[in-house]
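1. Quick one, fold the following:
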Amino acid sequence: MGQVLSEVMLPDNAIQHFFDSSGEPNVGLPLALSTAGIVFMAELGDKSFFIAMVLASNQESNRMIIFLGCSLALFINAGIASGIGWGLANAMDTVILHIITAVLFLGFAVKMYWDSKDANAAGCESLDEAKDAVRGTSKRAKVTNAHLFMTAFVTNFVSEIGDKTQLAVLTQASKTQAVGNVLIGACIGFAAVTGLAVCFGNFLSGYLTEKGLLKAGSLLFFIFGVLSCWEALQHQEAADIVYPAADAVTAF
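-> So this is what the prediction gives:
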């Protein structure tokens with residue numbers, strides 16, 4: 001009975017494939033690190049980054065509570081994106097998914113570069129948006145930890161829904177069966193950028209500009225867009241080798 005239940009609940013070593021797919025290139029640590037890098041650069045200077053920074057600017061606030069609230073919201077969003085991406089990976093052709101990923105990443109790169117032309121060279125519009133999102137919370141002399149946690153969680157969760165970072169995690173997860181590595185990488189990237197905002201946000205805000213951040217993000221998405229094009233070509237070449245061989249066996 002136990003064996004039957006294990007086969008039903010965990011078919012084909014599902015947990016192992018969730019974190020590793022030995023037949024795929026660039027899984028494991030490289031996949032996790034690339035996802036962490038995408039998330040970190042996409043979130044650096046984004047609205048969620050400044051929400052954490054603004055909340056932590058009040059000396060009376062518990063920074064650990066802020067970090068936990070913001071991180072949990074971002075982790076849940078990453079989990080949702082990874083789950084959707086995993087579903088797409090099982091429903092669509094790998095080459096098509098790589099092409100879609102390349103188009104999205106290159107589209108992000110073009111949009112961010114275009115936005116950088118009109119961006120403020122001396123400040124960040126996202127900072128003003130973050131201040132509006134948490135207006136009143138950072139100005140109160142005393143805020144309970146529960147209220148602070150819920151403010152951090154809700155504002156970050158809402159701001160991240162449909163954001164380019166969530167879409168980037170989704171597309172990363174759609175390219176592999178080892179979606180667990182994508183989720184781990186996304187969580188590492190979110191935790192790193194949130195910790196940076198909470199601990200050093202006020203210091204960094206004097207050096208970060210919207211124009212500079214947009215240009216840096218544009219370059220990163222362009223690089224990963226090109227890499228996705230290359231991966232699509234690799235998978236297509238592999239398919240061209242496998243399918244003729246299969247046809248020959250069938251004909252034989």
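
2. Show me what the strand or helix carrying Cys70 is packed against.
-> If you go by DSSP states H and E, Cys70 is part of helix 63-91. Contacts defined by 3 or more C-beta pairs under 8 Å, 6 or more residues apart in numbering; DSSP states H and E place helix 63-91 against helix 47-56, helix 145-160, helix 164-174, helix 179-204. No exception for glycine: its C-beta is placed from N, CA and C like everyone else's.

3. ok, the nearest residue to Gly217 once chain neighbours are set aside to Val103 distance?
-> Leaving aside its sequence neighbours, Gly217 sits nearest to Met112 (C-beta to C-beta, 6 or more residues apart in numbering; 4.9 Å). Counting by C-beta to C-beta, to the nearest Å, the separation of Met112 from Val103 is 15 Å.

4. what does Gly212 give?
-> 26 Å.

5. How about Lys164?
-> 13 Å.

6. and those two? which has more neighbours close in?
-> Using other C-beta atoms under 10 Å as the criterion, Lys164 and Val103 rank with Lys164 on top: 20 against 14.

7. what sits against that one?
-> Listed by C-beta atoms under 8 Å, 6 or more residues apart in numbering, the contact set of Lys164 reads Ala42, Phe108.

8. and what of the one 10 residues further on?
-> With contact set as C-beta under 8 Å, 6+ apart, Ser174 has these partners: Ile84, Gly85, Trp86, Leu88, Ala89, Met92, Leu97, Ile100, Thr101.

9. what's the neighbour count on Leu196?
-> 17.

10. For it, which non-adjacent residue is closest in space?
-> Leu204 is the one closest to Leu196 (C-beta to C-beta, 6+ apart), at 7.2 Å.

11. From Thr101, how far out is the one you found?
-> Separation of Leu204 from Thr101 (C-beta to C-beta): 30 Å.

12. Show me which of those two is the more surrounded one.
-> With neighbours defined as other C-beta under 10 Å, Leu204 and Thr101 compare such that Thr101 has more, 25 against 15.

13. on that earlier part again, where does the residue nearest to Gly217 fall, secondary structure wise?
-> Assigned by DSSP H and E, Met112 falls within helix 94-117.

14. Kindly report the same for Ala36.
-> Per DSSP H and E: helix 29-43 holds Ala36.

15. count of neighbours near the closest residue to Gly79 other than its chain neighbours?
-> Among residues not flanking Gly79 along the chain, Leu183 sits closest, at 6.3 Å (C-beta to C-beta, 6+ apart). Counted with other C-beta under 10 Å, the neighbours of Leu183 add up to 25.

16. do the one 4 residues further on as well
-> Residue neighbour count, defined by other C-beta under 10 Å, stands at 21 for Cys187.

17. What are the neighbouring residues in contact with it?
-> Contacts of Cys187 by C-beta under 8 Å, 6+ apart are Ser71, Leu74, Phe75, Ala78.

18. Name the member of those with the most neighbours.
-> Leu74 (30 neighbours).

19. That residue and Ala152, how far apart?
-> From Leu74 over to Ala152 the distance is 10 Å, taken as C-beta to C-beta.

20. before we move on, the earlier item: tabulate the helices and strands packed on helix 63-91 (CSV), appending distance to Ala32 and mean pLDDT.
-> Formatted as CSV, the helices and strands packed on helix 63-91 follow (distance: least, C-beta to C-beta, whole Å; pLDDT from 0 to 100):
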stretch, distance to Ala32, mean pLDDT
helix 47-56, 21, 84
helix 145-160, 20, 89
helix 164-174, 10, 87
helix 179-204, 4, 89
